[in-house]
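In: coordinates for the following, if possible.
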Amino acid sequence: MTNASLVPAVIHEVPLQYYVFFATALFCIGVTGVLLRRNAIIIFMCIELMLNAVNILLTAFAAYRADPNGQVFVFFIMAVAAAEVSVGLGIIVMIYRNFQNTDVNLLNRLKW
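Out: From the prediction side, this is the model:
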């Protein structure tokens, strides 16, 4: 019995290229947001959007190959992203308390 026969038929109703295009669009939106925005919270959300685009792609490839390794990898990415969110939001809150703004251009004051 091959891996292709283990994949449910409903998975193959949406072509794999659609997932790739969708994940690429999400990743490009995230990169554009990181490069063009100055608000630290929006930059942080765009980084999370890029991580979710990668998670969608890994999940789609894992489902098409009937291999759970990609989905396990997504689980670990989400765990690391949760830790990153807690640390990152703590840093952003402390920056806001000190400067009353979340503009990343004001972070030059943190230099020596």
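
In: C-alpha only now, for contacts and for neighbours.
Out: Fine.

In: for residue 15, grab phi and psi.
Out: phi -60, psi 150 (degrees, to the nearest 10).

In: repeat that for the one 3 residues further on.
Out: Listed backbone geometry of residue 18 is phi -60, psi -40, with angles given as degrees, to the nearest 10.

In: surely residue 62 is in contact with residue 71?
Out: Yes. If you go by Cα atoms under 8 Å, residue 62 and residue 71 touch, sitting 6.4 Å apart.

In: run through who's touching stretch 76-96.
Out: 40-41, 44, 48, 51, 55, 101-102 (Cα atoms under 8 Å, 6 or more residues apart in numbering).

In: and the pLDDT for residue 34?
Out: Listed pLDDT for residue 34 reads 93.

In: how about the helix or strand harbouring it: buried residues?
Out: Using DSSP states H and E, residue 34 maps to helix 16-36. Under the neighbour-count criterion of 16 or more other Cα atoms under 10 Å, helix 16-36 has 19-20, 23-24, 26-31, 33-34 buried.

In: please name the nearest non-neighbouring residue to residue 103.
Out: Nearest non-adjacent residue to residue 103, counting by Cα to Cα, 6 or more residues apart in numbering: residue 39, 4.8 Å away.

In: just put the contacts of stretch 76-96 in JSON lines and tack on pLDDT.
Out: As requested, the contacts of stretch 76-96 are exported to JSON lines (pLDDT from 0 to 100):
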{"residue": "40", "pLDDT": "84"}
{"residue": "41", "pLDDT": "86"}
{"residue": "44", "pLDDT": "88"}
{"residue": "48", "pLDDT": "92"}
{"residue": "51", "pLDDT": "93"}
{"residue": "55", "pLDDT": "94"}
{"residue": "101", "pLDDT": "81"}
{"residue": "102", "pLDDT": "78"}
